[in-house]
Every structure is written in C-alpha cells, then in structure tokens.
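1. Take a look and give me a structure for this.
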Amino acid sequence: MQRHPTIHSIVRLLDCRLRADHLLARIMAVVISFCTCMVSACPFCSSLPHTISDDLEESIAAVIASPEFLHATTDGTLMYRMRITKVIKGNQTLEESYIELSPSQEIASDRSFWLVGYGENDNKIGWATPREISPDGVTYLAGLKNLPEQGPRRLEYFLRFLQHEDEFIASDAYNEFAEASMQDIVSLKDKLDRKFILSQLRDPSLPIHQRRLCWTLLSQCGNPVDMRMFDESLKQRQLDPTYRPGMDAAISCFISLGGERALSRIDRDYLSNPEADTSDCFAAISAIRVHGTELKQIPRHRLAKSLHYLLDRPDMADMVIPDLARWEDWSAIDKVVDLFQQATEQTVLLKPTSVLYLKNCPLPAAKAALETLRKVDPTAVAAAETSMLFHSGRAAVPVPQPESRDDHEHIRSARKQGSPF
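-> Got it, this is the predicted structure:
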C-alpha cells in the first residue's frame, strides 16, 4: 500500500521553511488549504509505526525464526544463532537456514520471533531487530498474503483482530484501520461489535488514538441511545483533566447518531458560544468538515449554516472560509468582504482566504467585491492572486486543527508571529 503525505504534514514543512515577513510567504499554506486534497485515510485516526503490510512491501524478506543458542565471536560480541522456521516473504530456500544476530536485549530461547530483512538481494540481507511473536501472530501474518491492497474485504480481515489480546496483532489491526478510507469503514457497519466498542469508550485508560477509532466505529453501528456516550465523556473530562475524549471524533459521532438535532446542540455549545473552549471549537470544525466531505449524512447547506457562526469570530473565520468555498456556499460574500477589511496582524489569514474565496466564486457579486478589496489593500490581493498560479480548481479541505491545548497555544503563538499555521 502507498502512503500519501497529508496536507497537515505539508503545511508543517512550510511552517518551518517559509517563516518570512513577506505576505506571499505567509499565505502559501493558505493556498494549500484551497488545493485539491487526496487524503483518503480515516480522518480521525493517527497512524502509529508502519503496518506489517508496509514492512512486507518494503522488505526483501520476512521470516519467523527461533533462537538456537547464544555464543561469542572472536571479538567477544554476543550473537544469537536463529533458525528460520517459516518464510512469509522472500526466497523459500531461506527456510531451515540459519542467521546470526546481535540483539540489543536478551531473547527467550523457547519463543518464536518475527524478522524483517532489507537489502539488494538474498545474499546481502540486513535483518531488523527480532520481535517476539505468538502462535496466533504467525497465523495472523500468514493471512496477510492473500489480501487485496485496499477495500472493504481487506479491512474486514483486520476487524476481527481489533479485540485480540496480543498487542502485536491488535496494534497492527488498528494501524490498518487508521490507513483505511472512511468509505471502507462505513462498508463494515453491519459487522461491527457495538457492545465491545461501547465498553472500550467507557475505559478511561484507552489510548487516545484507539478512542478516536472507536468513536468512528460507533458512528456507524450505534443508535440514538448511544448519544449519551458523548456526555459521559464530557463528564469524565471534568473529573479528570488528563482525560482526552478525542473531541473531533466524539462530536462527529454525536452528529452521526443524532442528526440535525445533535448538530444544533454543537452550534449552541461550541460554534456560537463565545465562552466555549477554543480547542473544542477546532474539534467541532473538524467534525463538521468530515461530515461535509466524507459522511454526507447531513446536507451541506445545513453544515455550512453551522460554519457561518465562525464568521462572527475573526480569530477563527479563516479556518472555515475555505470549507464554504469548497461546498460552493457563496452566501458569505458580504461577510468575507467585512472580514478582509477588519483583518489585523493577529488575523492576517483573513485577507488571503477572503481573496481566494471570491476568486473561486462564479457570481458577478464576487468580482465586484474583489475590486472593492483591491482598493482597500492592493498588495494583499495581488499576493493572494499570485499564489493562485500554483493552484487551479475548487477549494478543498483545509488543514484540521489539533485537539490538544498545547498545540492550540502553539498555533496562537505562530499566528502572532505572522506564521499562517
């Protein structure tokens, strides 16, 4: 499987390389938020290390081996002699052959180990650190060989292993879901174990990346009664400040289960509420964005109505203007012009996002509005138009904002320094 770089990682790279005072440099990352985005992975899942399938694709050999004995070389280096018992990938003549390794730690002689080898040919293989594997793990690995590269049938194989007690297996199965498309996850809704997912969400020790996946799965197999899980998570956060609900995925699930009624509550509690925690507003924006681009359970015009609340908050409006353009909501022309005219050093992104919104809009009113902005600040308009030399087509999904307060403060600090992200 081929991994695609996310827009988020591209912008982080630009943040490091384009810290300049010139406006054109500052708006380059904004342009990326308007470009066509090809990210297809689960929108709320963050992948951990490579999947086993990734290792298989990149390696020249992958085997199961058992330690035979430990011995010292002439220079005193301790080496394990290991016998290859099964070849998962590579030359089958490797089976029953021996390799010698110097692991960083002692390994049990009565266990089996997973080894991945890299190199140009079978005569020159560099083996990665052995990883202990259970008999179930061997069976799991054997099942990977016949899977399609992507699609629901591939994902269905990993579904059954999400609950496995072997962390080696369960973690890899999670990573496969993190790399899967939302469309493939939705296709498994009738096969999901709702009770298991609810029990996982009620476990406060569940890692945040797994919690986000569980919210995503519950959004497909849950029912309106399960909306209470959202409030349970909010109560848990009040009791334990270190608890992280995974608000973006939680809000998305809440909306999936409750429809427009649930969305109205998100509007009230976060988007239209000036007292709401800003990181929760970021999460709500991300959740609505996923509904508009991936799930499509609620009409886009209703989702756009929710985002319009942020147009009354200049410090956050630049994050939703590209969404409105992508969804071809051209009802914000007058508001966008006002935001451009109100922009300050702290809200510098309002200018390029406003210009690009108007440039994407096909209505005559947008052309007239753009000429108005050109009179207000011709330099900013020209810089934004120059940036469009690198882009053609409709606006796409902007960069999602991180959930954590620490990341939020980093963004605030960067913006004050003139960096767009």
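2. Look up which helix or strand V63 falls in, please.
-> V63 belongs to strand 61-72 when elements are defined using DSSP states H and E.
3. Now that strand: buried residues?
-> 61-67 (16 or more other Cβ atoms under 10 Å). All C-beta atoms are positioned from the backbone trio N, CA, C, and that covers glycine.
4. likewise stretch 83-92?
-> Under the neighbour-count rule (16+ other Cβ under 10 Å), stretch 83-92 has 84, 86-90 buried.
5. which residues touch it?
-> Residues outside stretch 83-92 that contact it (Cβ atoms under 8 Å, 6 or more residues apart in numbering) are 56, 59-66, 68, 94-99, 112, 117, 122, 138, 141-142, 144-145.
6. follow-up on the earlier one: make CSV out of the buried residues of stretch 83-92 and add secondary structure.
-> CSV is the format used below for those (DSSP: H, G, I helix; E, B strand; the rest coil):
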residue, secondary structure
I84, strand
K86, strand
V87, strand
I88, strand
K89, strand
G90, coil
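7. Out of those, which comes closest to V355?
-> K89 (51.7 Å; Cβ to Cβ).
8. before we move on, the earlier item: what's the most distant pair in the buried residues of stretch 83-92?
-> I84 and K89 (12.0 Å).
9. Within its sheet, name the partner strands of the strand holding V63 and how each one runs.
-> Within its sheet, strand 61-72 is paired with strand 78-89 (antiparallel), strand 112-121 (antiparallel), according to DSSP bridges.
10. could you dump that strand to CSV, C-alpha only?
-> Output of strand 61-72 as CSV, limited to C-alpha atoms (Å, rounded to 0.1, in the frame of the first residue of the first chain):
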residue,chain,number,x,y,z
ALA,A,61,12.5,-11.0,3.2
ALA,A,62,10.2,-11.6,6.2
VAL,A,63,10.5,-14.7,8.3
ILE,A,64,9.6,-16.5,11.5
ALA,A,65,12.7,-17.7,13.4
SER,A,66,13.6,-19.4,16.7
PRO,A,67,16.8,-18.9,18.7
GLU,A,68,19.1,-21.9,18.7
PHE,A,69,21.9,-20.8,21.1
LEU,A,70,23.9,-17.8,22.2
HIS,A,71,27.6,-17.7,21.5
ALA,A,72,30.5,-15.2,21.5
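11. Pull the distance from it to the chain's centre.
-> Its chain's C-alpha centre and that of strand 61-72 lie 37 Å apart, by Cα atoms, centre = their mean, to the nearest Å.
12. outside of stretch 209-219, which residues touch it?
-> Here stretch 209-219 has contacts from 42, 44-46, 48, 174, 177-178, 182, 185, 192, 194, 197-198, 200-201, 206, 226, 229, 244-246, 248-250, 252-253, 256-257, 295, using Cβ under 8 Å, 6+ apart.
13. Repeat that for stretch 156-167.
-> When contacts are defined by Cβ under 8 Å, 6+ apart, stretch 156-167 is touched by residues 134, 136-137, 140, 143, 147, 169-170, 172-174, 176-177, 188, 191-193, 196.
14. Show the buried residues in those residues.
-> Using 16+ other Cβ under 10 Å as the burial test, the contacts of stretch 156-167 include 134, 137, 140, 147, 169-170, 172-174, 176-177, 188, 192 as buried.
15. Check these against L310 and report the nearest one.
-> Using Cβ to Cβ, F177 comes nearest to L310 of the buried ones among the contacts of stretch 156-167, at 30.4 Å.
16. For that closest one, give me phi and psi.
-> Note on F177: its backbone torsions stand at phi -70, psi -40 [degrees, to the nearest 10].
17. For it, which non-adjacent residue is spatially closest?
-> Distance criterion Cβ to Cβ, 6 or more residues apart in numbering; nearest residue to F177, sequence neighbours excluded, is L213 at 5.7 Å.
18. now do I298
-> H291 (5.7 Å).
19. Might one say that that neighbour is in contact with C253?
-> No: at 10.7 Å, H291 does not count as touching C253 under the criterion of Cβ atoms under 8 Å.
20. neighbour count winner among those two?
-> Taking neighbours as other Cβ atoms under 10 Å, H291 and C253 compare with C253 leading, 29 against 23.
21. element containing the more buried one?
-> For C253, the element it lies in under DSSP H and E is helix 247-266.
22. before we move on, the earlier item: what about the residue nearest to F177, how many residues close to it?
-> Each residue near L213 was counted by other Cβ under 10 Å, and the total is 25.
23. quick one on the thing from earlier: filter the contacts of stretch 209-219 down to the ones in helices?
-> Using DSSP state H, the members of those that fall within helices are 174, 177-178, 182, 185, 194, 197-198, 200-201, 229, 248-250, 252-253, 256-257.
24. Mark which of those are buried, thanks.
-> Buried by 16+ other Cβ under 10 Å: 174, 177-178, 182, 185, 197-198, 200-201, 229, 248-250, 252-253, 256-257, out of those.
25. So which residues of the stretch 101-250 of the chain form strands?
-> Assigned by DSSP state E, counting those that start in this stretch, the stretch 101-250 of the chain shows strands spanning 112-121, 124-127, 131-133.
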